[in-house]
Structure formats: C-alpha cells, structure tokens
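Visitor: Sequence below, structure please.
(one chain, ligands or ions: 1)
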Amino acid sequence: MPLVRTDSMQDIDFTLRRQFGKKSFRPQQREIINATLEGKDVFVQAATSFGKSLCFQLPAVIDHGITIVISPLLSLMMDQVKALRNSNIDARTLNSNTPFAERDHIMKDLGTGHPLTRLLYVTPELCSGPYFRERLELVHRQKELARIAVDEAHCISEWGHDFRKDFKRLSWFRERFPDVPIMCLTATANEQVRNDILTTLGINGPNLKAFTMSAFRPNLHLEVRFTSDQTDDRYDDFVSWLKGVYERRGKPDRKPELDEMGERVENVSGIIYTTSRDECESLAASLRSHDIAARPFHAKLANQDKERTLQKWIRNEVGYDIIVATTAFGMGIDKDDVRFVVHWRLPKSFEGYYQEAGRAGRDGKASYCFLYYSREDRDRVCGMIVKDNTSGDRRDKGGEANKRARMESHEALVRYCEDTGGCRHAAITKYFGEKEVPKCDFACDWHKDREGLKRRWREGLASEEWVCTQREEGAFEDYYYSE
Ligand SMILES: Nc1ncnc2c1ncn2[C@@H]1O[C@H](COP(=O)(O)OP(=O)(O)OP(=O)(O)O)[C@@H](O)[C@H]1O
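Guide: Numbers count the residues shown, from 1 in each chain. Now for the predicted structure:
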C-alpha cells in the first residue's frame, strides 16, 4: 500500500491557493480530490473547461510519492508540464521528444525508488516498455507510487472515435499494482465507452467512485450554418458576422467600456478550424487582406513560429486575434477568453466537434460556436472515414467495433446538423447519454429562431439528388484531413 499522509485533507485549500493560485474549488472538484486522497479509484466525466487537470495535479502535490499521468497528446503534456513548472511544481514528461539528458535524469530519479518528481507525464506507448515498467516496480516497492491518472480516458475504448491501441495495455497497472489508486478523466464518453474504460482499467469494483457531470455548457451559443459547394458563402457570412461584432463594440455606448478594460475593438479572440493546411493558410491570408488579424497554425509550421503565434494570441496582441487552425491546434490551450470557435467544415466526429467547440468561453461568458455544414462535405468526410477504416496504415488501427464507432459518430454529427426540430444543447447531452434536458436560455439557433432555422436548412443546402449525382461521378473523392 502506498504511504498515505493523514493530514492530506487539511492541506487542500492551502495548496489550491498557494501552489495553484486559485481562490476556491469549482463544484465537485473538492469531492473528487478527497475521493482520490482516500485511496478510491475515481472516474471523472466532466465538460470541457471544468478543470479536470486540477483533480490529479493537486493530490500529486499534497500526497507522498509520484503521480504518473498518462496522456495521448504530446502538446497537451508539454503545456501542462510548463504550467506546473511555472508554479514551482516538479513536473516532467517522458515521451518520444524528450531530450537524452532529461530522459536520463528522469530514469535516474525513478531508479532511486524515492523520486523527487511529483508528476510524470507519459504516453501510453511508453508505459508498455520493459525498462520503464521495471523502474515503476522499483518505485512501487518503496511505496512511492502515489497514483495513476489517465487523461483523455475515452481513448481506451474501441467503442469511441479516438481509440488508441496502447491505451488498452494500461490494464497492466491494476494487474501489477492492485493497491495503487487509479483516476481516469474524460470529457466525452457515452455509456458504452464509460463501461469499457472501467473494465479495461480494472476499476469497476466497489472501490470506484464515479463523478459524471453534465456536458452542458450554457454559455456556448451553438449554431449550424448551412452551405453548399455551389453557393459557398462561408467567407462572406463569417466576415459580415465578425465585422458586425466589431461595429457594435466600436459604438459610443460600448467603446468607453472597452477602453477602460484596456481592450481593442477588434480583440475578439477566436479559432477557426479548417481541415487542410492549404485552406488554413489561404483563409488566414484572405482574412488579413480584409483587415482581420488572422494567423495560420498547422503541423508543418516551424515550432518557433507556432510558439510565437500561440503566445501572441494568448496575450491578445495586435495582429493575433484569430487563429486559423487544423486539428493540430487546441488541445491543452489554456486561454479562457476565446469568444468564438468556427468549424469551417464538418469535423470527423461528434466528440471531436464538441471538444473543439468547447475551447470557447472557458471564462463562462457568452461565446459563439458556428459549424458550417454542407452535404458535399458530409459525403467527403464519410468517404474519408471509409478509406481510413480500410487502409493498412492507420496508426492505431482498431477492430470492427472501432470502425463502426467512427462511422456512427460521424452519422450522429450529420443528424445533429440536419436536425431543425430541437435544441442543440439537448441533442448534445442526449448523445452523451444524459437523461435530463438542459436549460438552454436562447443559446442555440433553434431556441433563437425556429422558423428561420428551418428556412435556412431548406434554402441553404444542396439537394440530395444533386449530391447523389455528384457522388456517383466521384466528385467527393480525394479529400483528406491534415494536421
Ligand atoms: N478551482 C478553480 N478555480 C479557477 N480556475 C480553475 C479552477 N480549476 C481549474 N481552473 C481553470 O480552468 C481551466 C480549465 O481547466 P482544465 O484545462 O483542467 O479543464 P479540463 O476539464 O481538462 O478541460 P478540457 O477537457 O477542455 O481539457 C484552466 O484554466 C484551469 O486553470
């Protein structure tokens, strides 16, 4: 059994203020932290921006021993480690990019059996390595393995859209260290995915405490905007919306308020998600030519350029109001005043859509999420998923269940877009298996204008007949997402 400090509970408010610089806990954070400090296995499902990371970071600072955090995304790990180190917490990451000297330091630290590192972020791939496993066994023998935290835990499940096969091997932790508490966290899991996570990690016994919070984010104003290849009016539509926002902010009754807060009229921070690097570059350039300060962000840009763009955007500097990004952007981005997220094209999955949209409005203020939907894009994405499912080189090839899950998630997103008969927030919470209907206060296109929504759907989309003919002629092939 790892050592448990008896005074842990008294420390948590003090640590929250002193090390994390936060005044108080958000609802449920305290309960989650207490449960893991008591040695329970914990499952946390909470909306984006809830503050899940704190639930394992704070116990790691308080408790005796090291916490191993397993996360699928390098950028997410690096961002969290950087933020923790800025708060004087000894956090490190071990992954394929870790320089030799740092790797050596971490392995030696683990090799002492009494590591000084408080939080070690690793990829699931690394956890399968015999050398790393040996080191953890050594630490465990010294009763210094405090807990295992599995972030983005939905990646465990073949029933989820984002399955990563190395996550399956995390079952090793419970088999090898039955006494070490496990915490797993996700924003997006339906019941099937949830059960899969608990069974794979071996934590579905009486020691489990599950915290399942609603996915509802009342401050997000959700809209689907209909378009087609023929009209392709995304650009004009978006620019006129944004210029309208600038105009309202620049009015005499509003401007003095902005001046007082030190805000510029154009400082309406946002993210536009595109699906290809080319579109990302060209869209950012077009927006700049219309005096809209947009910058591209994708995997092929030099690291220092990406870092500069990111920092300037986070600091709200002139010329960096909007990031036009591929999906490479956003995981772990800790900016709370993002006022809008636009999906220029249909994302691949329902979960991916909601996770990206969820990067808006982390400060709780009203924020806008538009998704431009066309039936042509629907067919392109569908074709791509089919191709992806059958190609031999998919990185984390899942089995049949995963293939089906990817397609079902895409189909659910299409139904969400095509649906003009109900609240968007209700459709989302229903998708994630919630029974209760959320109280949407005119925060979606259906609640704002039901008739208008129906009319836009009728008039804005290409007809199914036309799309079908195009599809048969192969017009929607050769469509790829790039990061
Ligand atoms: N008790 C708190 N008081 C104030 N801010 C908090 C508190 N807990 C967390 N936060 C802040 O909330 C923001 C979101 O936290 P975090 O990144 O952990 O969210 P998350 O639940 O992991 O969301 P996502 O799924 O989008 O990654 C961060 O800026 C974090 O510093």
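Visitor: any low-confidence regions in this structure?
Guide: Counting by pLDDT under 70, the chain has low-confidence residues at 1-10, 328, 330-332, 391-398, 478-483.
Visitor: and it, which of its residues are near the ligand?
Guide: Applying CB under 6 Å from any ligand atom, we find that the chain lies next to the ligand at 22, 25-26, 29, 46, 48-54, 187, 334, 336, 358, 362. For the C-beta atoms, the positions are set from N, CA and C on the backbone; glycine is no exception.
Visitor: residue ranges for the helices of the stretch 151-300 of the chain, please.
Guide: For the stretch 151-300 of the chain, the helices defined by DSSP state H, counting those that start in this stretch cover 165-168, 171-176, 191-201, 234-250, 255-261, 277-289.
Visitor: Can you get me the centre-to-centre distance for the first one and its chain?
Guide: By that I understand helix 165-168. 19 Å (CA atoms, centre = their mean, to the nearest Å).
Visitor: Only the buried residues of stretch 287-304, if you could.
Guide: L287, R288, I292, A293, A294, R295, P296, F297, H298, L301 (16 or more other CB atoms under 10 Å).
Visitor: dump the residue contacts of the first one.
Guide: This points to L287. V239, A293, A294, I322, V324 (CB atoms under 8 Å, 6 or more residues apart in numbering).
Visitor: at 10 Å what do you get?
Guide: Each residue near L287 by CB atoms under 10 Å, 6 or more residues apart in numbering is listed here: Y235, F238, V239, L242, I272, A293, A294, R295, P296, D321, I322, V324.
Visitor: Between the residues you listed, which sits nearest the ligand?
Guide: Distance to the ligand, by CB to the nearest ligand atom, is smallest for I272 among the contacts of L287, at 18.2 Å.
Visitor: Identify the residues contacting that closest one.
Guide: Contacts of I272 (CB under 10 Å, 6+ apart): 234, 238, 279-280, 283-284, 287, 294, 296-297, 322-325, 340-344, 370, 372.
Visitor: now do 6 Å
Guide: V324, V342, W344 (CB atoms under 6 Å, 6 or more residues apart in numbering).
Visitor: And the closest residue to the last one other than its chain neighbours, how close does it get to R404?
Guide: Put plainly, it is W344. In space, W344 comes closest to T274 once its chain neighbours are excluded; the distance is 4.7 Å by CB to CB, 6 or more residues apart in numbering. Distance, T274 to R404, by CB to CB, to the nearest Å: 28 Å.
Visitor: now L138
Guide: 42 Å.
Visitor: what does K439 give?
Guide: K439 is 33 Å from R404, by CB to CB.
Visitor: Those two - which one has more neighbours?
Guide: Neighbours per residue (other CB atoms under 10 Å) separate K439 from R404, with R404 holding more: 14 against 11.
Visitor: Now do the end-to-end distance for stretch 227-240.
Guide: 15 Å (CA to CA, to the nearest Å).
Visitor: ok, and for it, which residues are buried?
Guide: Neighbour count says stretch 227-240 has T227, S228, D229, R234, D237, F238 buried, by 16+ other CB under 10 Å.
Visitor: Other residues contacting it?
Guide: By CB under 6 Å, 6+ apart, the residues outside stretch 227-240 that reach it are H290, Y372, S374, E376, L461, A462.
Visitor: ranges for the strands of the stretch 1-150 of the chain?
Guide: Taking DSSP state E, counting those that start in this stretch as the criterion, the stretch 1-150 of the chain contains strands spanning 41-45, 66-70, 91-94, 119-122, 145-150.
Visitor: How about the protein: which residue is closest to the ligand?
Guide: G51 (2.7 Å).
Visitor: how many neighbours does that residue have?
Guide: Residues near G51, counting by other CB under 10 Å: 17.
Visitor: That one - nearest residue in space that isn't next to it in sequence?
Guide: Per CB to CB, 6+ apart, closest to G51 is R26, 5.2 Å.
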